[in-house]
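> Sequence plus the predicted model coming up.
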Amino acid sequence: MRTYRLRHDPGSPPLSPTIDYGAALNESQMKAVETLEGPVLVVAGAGTGKTRTLVYRVARLVDRGIPPEQILLLTFTRRAAEEMLRRASALIDGRCDRVQGGTFHSVAYLILRKYGQLLGYPPAFTIMDRSDAEDVIQLLRGRLGLSDKEKRFPRKTTLADMLSKSVNRQEPLESTLNREYPHFFHYLDDLVRLQEEYTSFKREKALLDYDDLLVQLTELLSRHEDVRERLSQRYRYILVDEYQDTNKIQSAIIRLLAFHHDNVMVVGDDAQSIYSFRGANFRNIMDFPQHFPGTRIIPLEENYRSTPAILEFTNAVIEGAREKYTKHLFSRKPHGERPALVQTREEREQSRFVCQKVLELREEGVPLGDMAVLFRSSFHSFDLEIELGHRSIPFVKRGGLQFIETSHVKDTMAHLRVLLNPADSVSWHRILQLIEGIGPRHCLAITDRIQQTPEDPVSSLRSYPAPTRSRAGLSRLCDLLSDLWRNSSPPSELLSLLLYYYEPILQEKFDNFPKRARDLEHLVAMSQRYRTLEAFLADVALEPPTESVSGMTPEDQDDEKLILSTIHSAKGLEWHTVFILWAVDGKFPSPHSLHREEDLEEERRLMYVASTRASRNLFILFPLHMYDHAFGHTLAQPSVFLRELPSDLVDFWTTQDDDSSIL
């Protein structure tokens, strides 16, 4: 029988370079692209062209005659892998389409489909998405009687988070609880039992969740040397993007796949390792040379994004890191303005400064979309969102929930709304259903009763024949509303009274109540700019901070929007001008990080990531006063990362409030 071989692309594969690599790459990038054998760690500083380096590395391997099927490119999104391979194909030819590219999970899935029977999994095993996993956990929670606890047991979404973090960090569930869920530590034995049941259930039903894909691939490669040898021979050249974001399991998978050759190039930046809350392990990139003896370390230091003045600042921020790879970012751009450390008296002045400066830059020709306001936590921008609404500056917010959309803030605002409008049946329904035993039927009966005597809703509540288990809760609500109605204090004081009442409800209703409590403390601080409850509620209702504020855009601004973003959501992006809010101890760095050195180190890296997003202008703001629920108004201290900087790297600004609005 005669075999006719089909070619994937026309013509013979060229064995000599078809690209002028030297003209396309700088010296360090060229070293990374040309070092084809052995382990390589590319420490790619922010804005130094790491993606370009990976693309040219793939093209160079194929250009040298390496069969594309023997190259494995691992990224954190499928889209990233597809884009890199598309660009590599555009450099040479369609052979790069045959490179195996994808995420750790997608590659694990393909391998387990072929070899999973060795672990007892049939070829038709089922992959559960996050929603499926939560439903199974909920089923087992009920079977184990964990839904009948006197104190509320964590909900299925929180349980799924707990179990996933324990797996990804390769740590006992006890450690995960101790670090992130101490308020549920008293349920440790029950949670361990649930974890064991969940593992057994998946095995019995041939189910794998996303974490299992990585765990079972590691198990396969560890236990079956023949499979490990075969796959290592197939994937002779392994490339990994964003290595600082890998977890312990992913690092182990790389070592197992490279068992036969050690031809591994990982690209990452230790200074941008900021996702420990997702299970990423900073040690992976730091320990790579120990995992792969003989590693060649190639730093990428020429930055194509920022001015030298900004880079001098960011270099100084990361210089204080306890452990790092030494690199010094530089740029061939003009020096530019030094970053500005802007001291304001309090939060409202911070918001006013940002708005005024944004409008000035807009008049100078900088589009709104080329400016970004970054913050450590989503609630840090709440006051700014109100001020942006006043100034008719359109914006879009990325990362975290917007405060007006969160349940705990909606609950709080509903209590305040009925103070001004007792006929607000929507708000009554919301606050009444927070009381045990009050469901939709009772809510309807109570609101009908209130509508009949809107001048005295508390009396209507007190006289309602509520179920026995609801009477204490209704009585507490009546006492609260009576106190609030008699109180003519400013909104911030009313909110403080309300939060004392709401705290036990918050703890009962939400698994992450400590974080939500901080949101509400910030709501109190934000309300301090208002003298009347009516003004406060009107602003929130008329200019609600949402992900995309519509109806605010003046006709001459087209569809431009200022970017508001958490720093975690801003990684990998860049803007002409960047503002960093709340650079004070207790905000940024966050309060919990001040007690653990490794957490404080990650906060430093967050500051580095935030400041390296700016290409031309960088403004870092620190209000002198902030509100703390426990201590009230306190004097803030500039972030530790700012206090240690040489003074000649920054310009110090203060705000002055006068008729001419001079800053």
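Sure thing, it's come through. Numbers count the residues shown, from 1 in each chain.
> Tell me, please, the helix or strand in the chain that averages the lowest pLDDT.
Least confident helix or strand, the chain: helix 533-542 with a mean of 73, by mean pLDDT, DSSP states H and E.
> ok now that helix, how far from the chain's centre?
The chain centre lies 30 Å from the centre of helix 533-542; the measure is CA atoms, centre = their mean, to the nearest Å.
> How about that helix, which residues are buried there?
Neighbour-count burial for helix 533-542, counted by 16 or more other CB atoms under 10 Å, picks out 533, 536-537, 539-540. In this view, the C-beta of every residue, glycine as well, is placed from N, C-alpha and C.
> What of stretch 209-223?
209-218, 220-221.
> Next: stretch 265-280.
Of all the residues in stretch 265-280, those buried under the rule 16+ other CB under 10 Å are 265-276, 279-280.
> In the protein, which strand is the longest?
strand 614-623 (DSSP state E).
> and after it, which helix or strand comes next?
Following strand 614-623 in sequence order, the next helix or strand is strand 625-628 (DSSP states H and E).
> What segments of the stretch 101-250 of the chain are strands?
For the stretch 101-250 of the chain, the strands defined by DSSP state E, counting those that start in this stretch cover 126-127, 207-208, 237-240.
> what do you get for the stretch 251-400 of the chain?
Assigned by DSSP E, counting those that start in this stretch, the stretch 251-400 of the chain shows strands spanning 264-268, 296-300, 340-344, 371-375, 395-398.
> Those: which one's closest to residue 140?
strand 395-398 (35.2 Å; CB to CB).
> Now do the SS call for residue 578.
strand (DSSP: H, G, I helix; E, B strand; the rest coil).
> residues contacting the nearest residue to it once chain neighbours are set aside?
Take residue 578 and drop its neighbours on the chain: the residue closest to it by CB to CB, 6 or more residues apart in numbering is residue 614, 3.8 Å away. Shown in contact with residue 614 (CB atoms under 8 Å, 6 or more residues apart in numbering): 306, 310, 339, 574-578.
> at 7 Å what do you get?
306, 310, 575, 577-578 (CB atoms under 7 Å, 6 or more residues apart in numbering).
> Next secondary structure after the least confident helix or strand of the chain?
Following helix 533-542 in sequence order, the next helix or strand is strand 562-566 (DSSP H and E).
> and that following strand, C-alpha only, in CSV?
Taking Å, rounded to 0.1, in the frame of the first residue of the first chain, the C-alpha atoms of strand 562-566 are listed here in CSV:
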residue,chain,number,x,y,z
LEU,A,562,-12.0,57.4,33.1
ILE,A,563,-10.8,54.0,34.4
LEU,A,564,-11.2,53.0,38.0
SER,A,565,-9.6,49.7,38.9
THR,A,566,-8.3,47.6,41.7
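> name the helices or strands packed onto the helix or strand where residue 61 lies?
According to DSSP H and E, residue 61 maps onto helix 50-63. Judged by 3 or more CB pairs under 7 Å, 6 or more residues apart in numbering; DSSP states H and E, helix 50-63 is in contact with helix 21-24, helix 27-34, strand 40-44, strand 71-75, helix 78-91, strand 237-240, strand 264-268.
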